[in-house]
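Peer 1: need coordinates for the below:
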Amino acid sequence: MPMIGHLPRGSRLPVQYNRVVRWYRRLRAISTGEFHNQSIDMDCDEILVFFIFCHQLRDWIIKDTDIPRKDVNSYISSNQCLAICADIANGIKHLGIGENYSPRSGEDIRMHPGVVIRGDDLAQVELQLYVTFEGGRQSSALDIATDCMQKWTDFLRSHDLFSAERMMDYM
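Peer 2: Numbers count the residues shown, from 1 in each chain. Here you go, the predicted structure:
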C-alpha cells in the first residue's frame, strides 16, 4: 500500500471507503454467524471499529474533495443512520458525547450485546450488538451499518467522487 499522504488529492478517499467496506463485511460476518472464533468482547470491539471508520469517512471527504464541510455535516445530520453512527463513534472515542454537544441523532442511545445460537451448532453463534433508543425501540448494529453503507455509497456516487472500479461493493 502506498503512503496515503503521498497520493494526489482526490485519490485518497477510495482508500478509506474501501477500508469501511472491509470493516462492514467483518461486522456482517460476526453478526450473521459466518465468523466467530474469539471472545464476545473482541467481536464487540470489531463491530464498534466499523462505526469509527465509517464516521471518519466524513473527514476524508472533507479533506480529499471540494465538498464543503457544512454540506457533509448536513448530509450526516439529515440521515438518521449516519447521525447514530456519529454518536456511536464519538461516544467510543470520547467516552460519551461531550457535555457541550447534543447527540446528532437527537436521542440518548445505549448499546448492548446479544448472542444468538442457531440450533445445536455452538460454532454458529451470531453476535448482535443492539442500539436501544430513549423510547425503548431497538435496532441492530448490522441494520444501522447496512443503512450507513447505502447512504455513503449514494452520497459518493451522487457527487461522482470516484469511479466504480475504485469503489468496492460492500455487499
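
Peer 1: what's the first helix or strand after the host helix or strand of L27?
Peer 2: With the criterion set as DSSP states H and E, the secondary-structure element containing L27 is helix 13-31. Heading C-terminal from helix 13-31, the first helix or strand you meet, by DSSP H and E, is helix 40-64.

Peer 1: buried set for that following helix?
Peer 2: Judged by neighbour count using 16 or more other CB atoms under 10 Å, the buried positions of helix 40-64 are 43-44, 46-48, 50-55, 57-58, 60-62, 64. (Each C-beta comes from the backbone N, C-alpha and C, glycine too.)

Peer 1: circling back to that earlier point, pLDDT of the helix holding L27, averaged?
Peer 2: Looking at helix 13-31 alone, the average pLDDT works out to 91.

Peer 1: in the protein, which helix or strand is least confident?
Peer 2: With mean pLDDT, DSSP states H and E as the measure, the helix or strand of the chain carrying the lowest mean pLDDT is strand 110-117 (a mean of 56).

Peer 1: sorry, back to before: other SSEs contacting the helix holding L27?
Peer 2: Using 3 or more CB pairs under 8 Å, 6 or more residues apart in numbering; DSSP states H and E, the elements in contact with helix 13-31 are helix 40-64, strand 125-132, helix 141-158.

Peer 1: in CSV, list those along with distance to D71 and mean pLDDT.
Peer 2: CSV is the format used below for the helices and strands packed on helix 13-31 (distance: least, CB to CB, whole Å; pLDDT from 0 to 100):
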stretch, distance to D71, mean pLDDT
helix 40-64, 9, 90
strand 125-132, 26, 71
helix 141-158, 10, 94
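
Peer 1: and F155, how far is that from D64?
Peer 2: In this structure, F155 and D64 are 13 Å apart, going by CB to CB, to the nearest Å.

Peer 1: can you work out which residues contact both of the two?
Peer 2: Jointly contacting F155 and D64 under the rule CB atoms under 8 Å, 6 or more residues apart in numbering is no residue at all.

Peer 1: check whether R9 sits in a helix, strand or coil.
Peer 2: The three-state label given to R9 by DSSP: H, G, I helix; E, B strand; the rest coil is coil.

Peer 1: count of neighbours near it?
Peer 2: Number of residues near R9 (other CB atoms under 10 Å) recorded here: 10.

Peer 1: now it, nearest residue through space, not along the chain?
Peer 2: If the residues on either side of it in the chain are set aside, R9 comes closest to D64, at 6.1 Å by CB to CB, 6 or more residues apart in numbering.

Peer 1: contacts only, for the one you found.
Peer 2: Under the criterion of CB under 8 Å, 6+ apart, the neighbours of D64 are 9-13.

Peer 1: alright, that wraps it up for me.
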